[in-house]
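# make a model of this:
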Amino acid sequence: MSKHSGSEHFRANKALGQHFLVSQKAIRTIAQAVPEGASAIEIGPGPGAITTSVLARVNHLTIIEKDDRFAEYWQAKTGEHPNLSVSHGDVMEVLTDVVAAGHPEWIVGNLPYNISGPLTALLASFALTGGMVLMYQREVGQRIVAEAGTKIYGGLSVLVRHFYTPKKLIVLPPGAFNPPPKVHSMVIQLLPHGKTPKCAFDDLQKTVRQGFAHRRKTIYNQFRGQLTQEDYLGVGIDPRKRPEQLDYDDWVRIALLLKQA
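Below you'll find the model as predicted:
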């Protein structure tokens, strides 16, 4: 057994928000959500709890790893795993290029807690043919799968629905990780809904960012000076509603109105 055979030989880097998954049930759930023979990207594999299982299933796996120790560890493994590639870098900086180069069908990952918001917004912009299996802090996961009309529904809830239907797979206690985080975690699956979006993702993101900037304001006040009450009523939206009361389709209508304004 090599000295790097498991997470006990690597110390988690707190600055990178690392918590290594040790629950076999969770590892199986995530790996089995990716069909055999697919091509995939894994974000932040660390010592490889998920990686080893996914690697055994897929045609090709590209891992994105920022931590020098793990990037080096996996780079050394590419000789024995011809279906493995390593991208050493910050996921926020390299993900777009890795997706463009590899055209993966799936993305999986135990996402770093400290960048899960902006990273999810970036992930939601890719229209994959397979889908995504992503792990979050439970509170973030709940926001992503939240439906319109609930208090925790927000920008990420809207953005992930541009190309995908989000679904909760499992909730994990702190003990499923080493070191245990202070919070529960949630695994979410994003599956393509197959509908052609009516607006560009960038336009939707800009609209949602402005629209949720002040949650207590009405939607009319969020875009005051840009859109009139008549604009909203013309597309069937009550301008007195608050941001969390608008579903994905409503946000698309507003994005299209802003584009015309």
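# so what touches stretch 83-103?
With contact meaning CB atoms under 8 Å, 6 or more residues apart in numbering, stretch 83-103 is reached by 39, 41, 43-44, 55, 58-66, 68, 71, 74-75, 77-78, 107, 112, 115, 118-119, 122-123, 126. C-beta coordinates here come from the backbone N, C-alpha and C atoms, glycine included.
# could you point out which element follows the helix or strand that contains Leu156?
According to DSSP states H and E, Leu156 maps onto helix 155-159. Using DSSP H and E, the helix or strand that follows helix 155-159 towards the C-terminus is strand 164-172.
# how is the protein carved up into domains?
Segmentation of the chain into domains, based on automatic domain parsing, reads 7-192, 201-260.
# need the winner for burial among those.
Most buried of these by mean neighbour count (mean count of other CB atoms under 10 Å) is domain 7-192; its value is a mean of 18.
# worst mean pLDDT among the domains of the chain?
Sorting the domains of the chain by mean pLDDT places domain 7-192 lowest, at a mean of 93.
# how about the helices of the protein, start to end?
24-32, 49-55, 68-77, 91-102, 116-123, 138-145, 155-159, 201-211, 219-222, 229-234, 248-260 (DSSP state H).
# for those helices, give me TSV that also has distance to Lys182.
Formatted as TSV, the helices of the chain follow (distance: least, CB to CB, whole Å):
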stretch	distance to Lys182
helix 24-32	18
helix 49-55	20
helix 68-77	23
helix 91-102	23
helix 116-123	15
helix 138-145	11
helix 155-159	21
helix 201-211	29
helix 219-222	34
helix 229-234	42
helix 248-260	32
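# which of the ones you listed sits closest to Pro181?
For Pro181, the closest of the helices of the chain is helix 138-145, at 10.0 Å, according to CB to CB.
# can you dump the C-alpha atoms of the closest one in PDB for me?
The C-alpha trace of helix 138-145 is given here as PDB (Å, rounded to 0.1, in the frame of the first residue of the first chain):
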ATOM      1  CA  ARG A 138     -26.900  21.400   3.500                       C
ATOM      2  CA  GLU A 139     -28.100  25.000   3.800                       C
ATOM      3  CA  VAL A 140     -26.600  25.900   0.300                       C
ATOM      4  CA  GLY A 141     -28.000  22.700  -1.100                       C
ATOM      5  CA  GLN A 142     -31.500  23.500   0.200                       C
ATOM      6  CA  ARG A 143     -31.300  26.900  -1.400                       C
ATOM      7  CA  ILE A 144     -30.400  25.400  -4.800                       C
ATOM      8  CA  VAL A 145     -33.400  22.900  -4.800                       C
END
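# now find how far off-centre that helix is within its chain.
11 Å (CA atoms, centre = their mean, to the nearest Å).
# elements contacting that helix?
helix 116-123, helix 155-159, strand 164-172, strand 185-192 (3 or more CB pairs under 8 Å, 6 or more residues apart in numbering; DSSP states H and E).
# at 7 Å instead, please
helix 155-159, strand 164-172, strand 185-192 (3 or more CB pairs under 7 Å, 6 or more residues apart in numbering; DSSP states H and E).
# distance to Thr228 added to these, as JSON lines?
As requested, the helices and strands packed on helix 138-145 are exported to JSON lines (distance: least, CB to CB, whole Å):
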{"stretch": "helix 155-159", "distance to Thr228": "23"}
{"stretch": "strand 164-172", "distance to Thr228": "33"}
{"stretch": "strand 185-192", "distance to Thr228": "35"}
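# quick one: closest of these to Trp251.
Of all the helices and strands packed on helix 138-145, helix 155-159 comes closest under CB to CB, at 5.1 Å.
# what residues does that closest one touch?
Here helix 155-159 makes contact (CB atoms under 7 Å, 6 or more residues apart in numbering) with 117, 120-121, 124, 143-144, 146, 204-205, 208-209, 212, 248, 251.
# just give me how far it sits from the chain centre.
11 Å.
# picking up where we left off before, out of the helices of the chain, which gets nearest to Pro179?
Using CB to CB and comparing these, the one that lies nearest Pro179 is helix 49-55, at 13.7 Å.
# of the helices of the chain, which is nearest Pro166?
helix 138-145 (4.6 Å).
# need the contact partners of the closest one.
116, 120, 136, 152, 154, 156-157, 160, 166-168, 171, 183-186, 188.
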